[in-house]
Structures are given as C-alpha cells and as structure tokens.
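Engineer: sequence first, then the predicted structure:
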Amino acid sequence: MPNENTTTTSTVGGTTVTTETTPTVDLKAKVELVDDKTTFTMDQFLEADFSNDSEIDAIFKQEHKNLPAFQEIVKRHTTPEGRKLIANLRSDYSRKTQELAAATKRLEEERLAFQKERELIINSEFNKRNAQLATEDVTGLDIYTDEGMKKYLDVEMAKRLEEQIKPLREKAASEAKILAVEKFIVEHPEIKTEAYKQKLMAIYEKNPNVELDTAFLMAKGMLADEVKITEANKKTETRNYIKETPTGRQVDLTAIPAGLSARQVAQMLAKK
C-alpha cells in the first residue's frame, strides 16, 4: 500500500535500531474535485452535508458576530478556492434576487389587473342600477296585476343580488385603499424613515381618520420646521460665541456657510 508506514531495521555499534517512516501525503491530491461544468449554487451550499466534521458543522449551525470586515475575511482569511466559491455564491444570489424581483413584479401586475377587472364588474352600470332597484319600496304594490307582479319580482331579485354583491364591493373598496397606500409609499419612500414614522404616529394618535397624503404633508411640514429651528439655534449659538471672543473684530455673519458649529466658525475666522 503506498500510504502505509514503512519500518527499517539497522544495527549501529552492536545495537539494533528500528525506524518507522511515515510517507509524505500530497493534500491537494486528496481533494475531490468536481467537474469543470459545476459552479456551485446557493441551494447546493445550503444542502451540503458537513456532519462528518463536527467543528465545521457546529459553526454552520449558528450565527456569528464581531467578525472582521468582509474585505478582510476575503483578502486575508480565505484561500483562492474559497474566494472563487464566494464569487459563485454571490453571483447565484444576485441571479436569484433578480428572478424573485421579476416574479414579484409579475405577481403584483396580475393582482392589480385582477383588482381592476373585479372593480369594473362590481361597479358596472348594471350593478349600479340593480343597487338602486333594490332600495325601491314595494309597499302597496298591487301584485295581482301583471305589471305589479313583475315589479315586485324585479325588486326582490335585485335585493338578493345586492346581498351577494355588497360584501364584494366593500372588500374591493378596502383592497383599493390598501393598494393606494402601497403605491403612495413606493412614490414617497422617505415615509418609511424613523423620523416620518414618529411624526405620523403622533398625527394619527390625535386624528385617526386623517388621509395618508394629508398626514404625510403634515409630517413633512413638522420636520421642515424642526430643521429651521435647528438652523436658527446654530446661528444664534454662533453669534453668541463670536460676541464672547476677545478680539472684538467686526465679522460679516452672512459670509459664514450654513450648517457649521460654533467651534467650526471660530476656527474658520481664526484663519482669516
């Protein structure tokens, strides 16, 4: 066997010496390579079995914090083969993300189309006339005449049909509001920031019935006012700081850029 240990016996000065030699193993030769057509995907990586290596298996079964930056790990702690594997996994992840985004877009388009089609059916002229007919009063109607019996049956049928359509109409109206909110959020992504969330919560606590677009404008105005107050306070702080300087120089405050702290303004003036 090529990888078995070999034993050598020799005599030195009348003493028998036994030496056991371990052959050198080429670790690269023992790595099982995959055919050059396989690039490895995220799915394959997630399904890979590491149970035969308890140390690696334990690492992959938990999340880890306080790690070096990605660049540091890839540059200094990863072999060339590991970097290639990471590149393949990144590529596969990007491809899956794009496919998911496309599928989500198609699903959303189908949902909007279905919602629009259902609204057209529910809010059709026929259903509007039917809803109006269902509210007509048949009290005192002479049902013993052909005209009276026809009118009575038309109203009763309209009522029963309206009972079936009304829940669908209410549901469609509710979904339309949800779609409008989702569209508004997409068009105004800043509404998802923490600053806007806090303002909107305060607004809805006082007035739960305010429309989203109105609440958004109110929140936007409140945030703009806070920015103005902050800038005004900075200017006041700067003026007070300059007045307290022992130089007694006349300073043109209009030439000072906005947004600087008092210390920054003082440093800028000191250089002049």
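Structural biologist: Thanks, I have the structure now.

Engineer: excluding chain neighbours, give the residue nearest to R118 in space.
Structural biologist: A172 (5.8 Å; CB to CB, 6 or more residues apart in numbering). Backbone N, C-alpha and C define where each C-beta goes, glycine included.

Engineer: isn't the one you found right next to Q115, touching?
Structural biologist: Yes. With contact defined as CB atoms under 8 Å, A172 reaches Q115; the gap is 7.2 Å.

Engineer: the more surrounded of these two?
Structural biologist: Taking neighbours as other CB atoms under 10 Å, A172 and Q115 compare with A172 leading, 18 against 15.

Engineer: now for the more buried one: which residues touch it?
Structural biologist: Residues near A172 by CB atoms under 8 Å, 6 or more residues apart in numbering: 115, 118-119, 122.

Engineer: what about it, distance to M218?
Structural biologist: Distance of A172 to M218, given as CB to CB, to the nearest Å: 29 Å.

Engineer: do A102 as well
Structural biologist: 37 Å.

Engineer: E190: how many residues sit nearby?
Structural biologist: By other CB under 10 Å, the burial measure for E190, its neighbour count, is 12.

Engineer: the chain should start at 10 in everything you say after this.
Structural biologist: Noted, 10 is the first residue going forward, which turns the last one into E199.

Engineer: am I right that D66 is in contact with A57?
Structural biologist: No. Using CB under 8 Å, D66 is not in contact with A57, being 10.4 Å away.

Engineer: doesn't K114 belong to a helix?
Structural biologist: Yes. Checked against DSSP: H, G, I helix; E, B strand; the rest coil, K114 lies within a helix.

Engineer: one step back: neighbour count winner among A111 and M227?
Structural biologist: M227 (16 against 10).

Engineer: for that one, which non-adjacent residue is closest in space?
Structural biologist: Nearest one to M227, counting by CB to CB, 6+ apart, is I212 at 5.5 Å.

Engineer: got a list of contacts for the helix or strand where the one you found lies?
Structural biologist: Secondary structure assigned from DSSP states H and E places I212 in helix 203-215. If you take CB under 8 Å, 6+ apart as the criterion, helix 203-215 is touched by 199-200, 219, 224-225, 227-229, 231-232.

Engineer: next SSE downstream of it?
Structural biologist: By DSSP H and E, the next helix or strand past helix 203-215 is helix 221-252.

Engineer: any idea how far that following helix is from the middle of the chain?
Structural biologist: Here helix 221-252 shows a centroid-to-chain-centroid distance of 30 Å under the convention CA atoms, centre = their mean, to the nearest Å.

Engineer: buried residues, that helix. List them.
Structural biologist: 221, 224-225, 227-228, 231-232, 243-244, 247, 251 (16 or more other CB atoms under 10 Å).

Engineer: what mean pLDDT does that helix have?
Structural biologist: In this model, helix 221-252 has a mean pLDDT of 84.

Engineer: for it, packing partners?
Structural biologist: helix 155-196, helix 203-215, helix 271-280 (3 or more CB pairs under 8 Å, 6 or more residues apart in numbering; DSSP states H and E).

Engineer: helix, strand or coil for K74?
Structural biologist: Reduced to three states by three-state DSSP, K74 is coil.

Engineer: sorry, that was for P77
Structural biologist: Classified using three-state DSSP, P77 is coil.

Engineer: doesn't K84 make contact with it?
Structural biologist: No. Using CB under 8 Å, P77 makes no contact with K84, being 9.6 Å away.
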